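**Q** Need coordinates for the following:
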Amino acid sequence: MFGIPGKQAVTLTPKATEQIAKLMQRDGKSGLRIGVKKGGCAGMEYTMDYADEIDPNDEVVEQDGARVMIAPMAQMFLFGTEIDYEVSLLEAGFKFRNPNVEDACGCGESIKFKDVEELSAEQGRG
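**A** Alright, predicted model coming up:
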């Protein structure tokens, strides 16, 4: 597990918590699994999928009836991220405020992370 003892890997805003809890209840799922994958114009993309069960290697964040599981390969990249849920005139969706992102494409769907060595040093695992 990555991170600092006693500190959650990610934080959820009240709007994100409400939306995740609503989705879990509506669809009878254990939570949302968050990850990252290669893709997009900046190199990486976030993934969010319903989860029926918790993988023993997942980092689990539970808050006010909402549960988010962070896939093992994404834990380093997501540490310190705030997840929000925003509604605007044109769209609604989850927004990631991630201090580990070095660059993002114009559409906001694709991100580039700092080097793994730099992330490890910042998180005290160098």
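
**Q** list the contacts for Asp84?
**A** Applying C-beta atoms under 8 Å, 6 or more residues apart in numbering to Asp84 gives the contacts 13, 15-16, 94-95, 97. In this view, the C-beta of every residue, glycine as well, is placed from N, C-alpha and C.

**Q** Toward the C-terminus from the helix or strand harbouring Val61, list the very next helix or strand.
**A** Using DSSP states H and E, Val61 sits within strand 59-63. Using DSSP H and E, the next helix or strand after strand 59-63 towards the C-terminus is strand 66-70.

**Q** So what touches that next one?
**A** Contacts to strand 66-70, defined as C-beta under 8 Å, 6+ apart, come from residues 9-10, 12, 16-18, 20-21, 24, 30-35, 51, 54-55, 58-62, 78, 83.

**Q** what's the angle between the longest helix along the chain and strand 59-63?
**A** Taking DSSP state H as the criterion, the chain has its longest helix at helix 14-27. Angle, helix 14-27 to strand 59-63, by axes from the mean of the first three to the mean of the last three C-alpha atoms, to 10 degrees: 100 degrees.

**Q** all helices in this protein, in order from the N-terminus.
**A** Here the chain has its helices, by DSSP H, at 14-27, 75-78, 116-122.

**Q** Would you mind measuring from Asp27 to Met69?
**A** Distance, Asp27 to Met69, by C-beta to C-beta, to the nearest Å: 15 Å.

**Q** Compare neighbour counts for these two and give me the winner.
**A** Taking neighbours as other C-beta atoms under 10 Å, Asp27 and Met69 compare with Met69 leading, 23 against 9.

**Q** Which residue is the nearest non-sequential neighbour of the more buried one?
**A** Excluding its sequence neighbours, the residue lying closest to Met69 (C-beta to C-beta, 6 or more residues apart in numbering) is Asp58, at 3.9 Å.

**Q** likewise Val60?
**A** Per C-beta to C-beta, 6+ apart, closest to Val60 is Met69, 5.5 Å.

**Q** pLDDT below threshold where in this structure?
**A** Within the chain, the ranges that satisfy pLDDT under 70 run 1-7, 40-42, 103-126.
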